[in-house]
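In: Here is my input; please provide its structure:
(chains A and B)
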Amino acid sequence: MNAERELPLFEMPRGREVYTVSELTEDVRAALEGAFDAELAVMGEISNFKHHVSRHMYFSLKDEAALLRCVFFHPGNTNLRFTPDDGMAVIARGRLGVYPPQGTYQLYVSSLALRGEGELMAALERLKKKLAAEGLFDEERKRPLPRFPGRVGVVTSPSGAAFRDIKNVLARRWPGITVILRPTKVQGEGAAADIAQAIADFDEVRLADVLIVGRGGGSLEDLWAFNEEATVRAIAAARTPTVSAVGHEVDWTLADFAADVRAPTPSAAAELVVPVKEDVAAEVAEMRRAAFATAEGYLAVGREEVVALERSYGFRAVPRRVDERRQQVDENAGRASRAARTALQVFRSFYAEAARGFHALSPEATLARGYNIASRDGRAVKRAAHTNVGEDLTLHFADGRRAVTVTNDGEADRVAQES
Amino acid sequence: MPKKAKPTFEEDLARLTEIVNLLEDGPETLDEMLALYEEGVGVTRRLEKTLDEAETRVKSLSRDERGELNVDDWDDAS
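Out: Coordinates of the predicted model:
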């Protein structure tokens, strides 16, 4: 009985109040949540995975000795790159909290990655923070893309679908464009260095107006070259405006943060880079139409003014005056020519008379009438006194001439005495 | 004397827009208008020449053994 008596009865704690469950749980929550970082990463194996109809995910992470309850709420869990399942080794990031209704502590998951990827993601996060701190991702660094690039540089694998898609979209949207491929590795050892060199090469020769750097879809490891420091720094340093085009819509890489523009896919990059030529041609045609219409409008107004002026009295008076003058000239010319003709006729008749008169006075006419002319040495001897006795003269008749000798006669004596 | 670089498609398009606006504002003189109009015709021709160009060229950029950069025609079959 003693033993029974010695069995301790429940003792009320002295000097201390009694907790309610809720009070205690609240204190536990405060202590627990205060003891850990706001976000922590836990690795383990998934077990007891349930994707609830509410689309929230409930599961546990466990290792050999322990188990941690986890909840991954919708819609945060929609960006998962894989479907979680029991047995997967993962890294979960999230906040540690207490769920009072069940008296459990659990991880409120914000992201979940396969363990291999998880390690990569952690490294990626560190690199992202470092490069962001250097300002490589700053919005102020972003340059606008040229609206009409003549030459598009492409840094990608020559054999992948990405290049084929880019080339086809470019050629379809802007026939006549020049596409320059700088073939590179896009995954595996040396890919990042190759990509970085390709970007630098384009810059060196200023060969492209815009660059597309990317590749088609793949696993996180496949896309890793676009998360490497060399690639990201080369994109940030590029003088040529650069579009990143890595994988699918859901894939984000550090290259996307460094590029001037991020395209969700390689095809989308090509669409961002060139407009549709027909649209631009229509724009140009419309502007030309507008310019021509305006100019032609002015010309038409000008033409009307000219026509109006042409019709004006002052303008028309000029040709009329000219016509009048022309008529006057014609009239005067007519009178002048008529006068000239008259004068000519008069002159001709005068001339005919004069010619007749002149002819009558000619020596031949005189001879014909029966007179003779005496001459010495071809000169007419007009006076008897100019002759000497015994000299020879030529006597001209109408039908010829005869040599004669001057003999002394009475007439000649008188002349000789007088002189 | 440095040769004036051929204007880019972008520059030509901007200039054509400017010309249209100037024409619509109404130039001071007929000469000015005709000069703008003529320039507009020239710019339009250049733009349309680019727009008519339909032969898409694909080239490749590579480094040879001496480290020189070369641009070659890209052969899809290769």
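In: Phi and psi next, for whichever residue of chain B sits closest to chain A.
Out: Relative to chain A, the nearest point of chain B is B:Glu53 (3.5 Å; C-beta to the nearest C-beta). Heads up, the C-betas are built off the backbone N, CA and C, glycines and all. Dihedral pair for B:Glu53: phi -60, psi 120, per degrees, to the nearest 10.
In: same deal with B:Asp72?
Out: According to degrees, to the nearest 10, B:Asp72 has phi -130, psi 160.
In: Leaving out the residues flanking it, which one is nearest to it?
Out: Closest residue to B:Asp72 apart from its sequence neighbours, by C-beta to C-beta, 6 or more residues apart in numbering or on different chains: B:Ser60 at 5.4 Å.
In: which SS state does the one you found fall under?
Out: strand (DSSP: H, G, I helix; E, B strand; the rest coil).
In: pLDDT value on it, please?
Out: On pLDDT, B:Ser60 comes in at 88.
In: ok so, going back, roughly how far apart are the residue nearest to the residue of chain B closest to chain A when sequence neighbours are not counted and B:Thr56?
Out: In space, and not counting its chain neighbours, B:Glu53 is closest to A:Gly176: 3.5 Å by C-beta to C-beta, 6+ apart. Distance, A:Gly176 to B:Thr56, by C-beta to C-beta, to the nearest Å: 6 Å.
In: if I pick the residue in the stretch 1-150 of chain A positioned nearest to chain B, what's in contact with it?
Out: Closest to chain B within the stretch 1-150 of chain A is A:Phe148: 4.2 Å, counting by C-beta to the nearest C-beta. Contact partners of A:Phe148, counting by C-beta atoms under 8 Å, 6 or more residues apart in numbering or on different chains, are A:Val274, A:Pro275, A:Val280, B:Thr8, B:Phe9, B:Glu10, B:Leu13.
In: How about the backbone phi and psi for the first one?
Out: For A:Val274, the backbone dihedrals (degrees, to the nearest 10) come out as phi -130, psi 140.
In: Next, count neighbours for it.
Out: Applying other C-beta atoms under 10 Å in any protein chain shown, we find 22 residues neighbouring A:Val274.
In: Would you state the predicted confidence (pLDDT) at it?
Out: On the pLDDT scale, A:Val274 is placed at 94.
In: Assign the residue lying farthest from the centre of chain B to helix, strand or coil.
Out: Most distant residue from the mean C-alpha position of chain B: B:Glu65, 35.4 Å away (C-alpha atoms, centre = their mean). Using three-state DSSP, the secondary structure recorded for B:Glu65 is coil.
In: How about the stretch 301-419 of chain A: which residue is closest to chain B?
Out: A:Gly302 (6.1 Å).
In: wait, I meant the stretch 151-300 of chain A
Out: For the stretch 151-300 of chain A, C-beta to the nearest C-beta, closest residue to chain B: A:Gly176, 3.5 Å.
In: That residue touches B:Phe9, doesn't it?
Out: No. A:Gly176 is beyond contact range of B:Phe9, at 10.6 Å (criterion: C-beta atoms under 8 Å).
In: Those two - which one has more neighbours?
Out: Neighbour comparison, A:Gly176 and B:Phe9: the larger count goes to B:Phe9, with 19 against 16 (by other C-beta under 10 Å).
In: Contacts only, for A:Gly302.
Out: Contacts of A:Gly302 (C-beta under 8 Å, 6+ apart): B:Leu30.
In: any idea which helix or strand carries it?
Out: Counting by DSSP states H and E, the element that carries A:Gly302 is helix A:277-311.
In: Quick check: buried residues in that helix?
Out: In terms of neighbour count (16 or more other C-beta atoms under 10 Å in any protein chain shown), helix A:277-311 has its buried residues at A:Lys277, A:Val280, A:Val284, A:Met287, A:Arg288, A:Ala290, A:Ala291, A:Phe292, A:Thr294, A:Ala295, A:Tyr298.
In: could you pick out which of those are near chain B?
Out: Filtering the buried residues of helix A:277-311 for proximity to chain B (criterion: C-beta under 8 Å from any C-beta of the partner chain) leaves A:Lys277, A:Val280, A:Val284, A:Met287, A:Arg288, A:Ala290, A:Ala291, A:Phe292, A:Thr294, A:Ala295, A:Tyr298.
In: gap between the closest residue to A:Arg95 other than its chain neighbours and A:Phe36?
Out: Spatially, and ignoring its direct neighbours in sequence, A:Arg95 is nearest to A:Tyr108 (4.9 Å; C-beta to C-beta, 6+ apart). Distance, A:Tyr108 to A:Phe36, by C-beta to C-beta: 12 Å.
In: Spell out which residues are contacts of both of the two.
Out: A:Leu96.
In: More neighbours: the two, which one.
Out: A:Tyr108 (16 against 11).
In: Give me the phi and psi angles of the more buried one.
Out: The phi/psi pair for A:Tyr108 (degrees, to the nearest 10) is phi -90, psi 100.
In: which residues touch it?
Out: Counted by C-beta under 8 Å, 6+ apart, A:Tyr108 has contacts A:Cys70, A:Val71, A:Phe73, A:Gly94, A:Arg95, A:Leu96, A:Gly97.
In: returning to that earlier point: before we move on, which element is the residue of the stretch 151-300 of chain A closest to chain B in?
Out: Assigned by DSSP H and E, A:Gly176 belongs to neither a helix nor a strand.
In: Give me the pLDDT value at it.
Out: 89.
In: give the contact list for it.
Out: A:Lys277, B:Thr50, B:Leu51, B:Asp52, B:Glu53, B:Ala54, B:Glu55, B:Thr56.
In: Need the nearest residue in space to the first one, chain neighbours excluded.
Out: So the one you mean is A:Lys277. A:Trp174 (4.8 Å).
In: swap in the fourth one?
Out: What sits nearest to B:Asp52 in space, not counting adjacent residues and going by C-beta to C-beta, 6+ apart, is A:Gly176, at 7.9 Å.
In: And the longest helix anywhere in chain B, what's buried?
Out: The longest helix of chain B (DSSP state H) is helix B:30-52. Of all the residues in helix B:30-52, those buried under the rule 16+ other C-beta under 10 Å are B:Met33, B:Leu36, B:Tyr37, B:Glu39, B:Gly40, B:Val43, B:Thr44, B:Arg46, B:Leu47, B:Thr50, B:Leu51.
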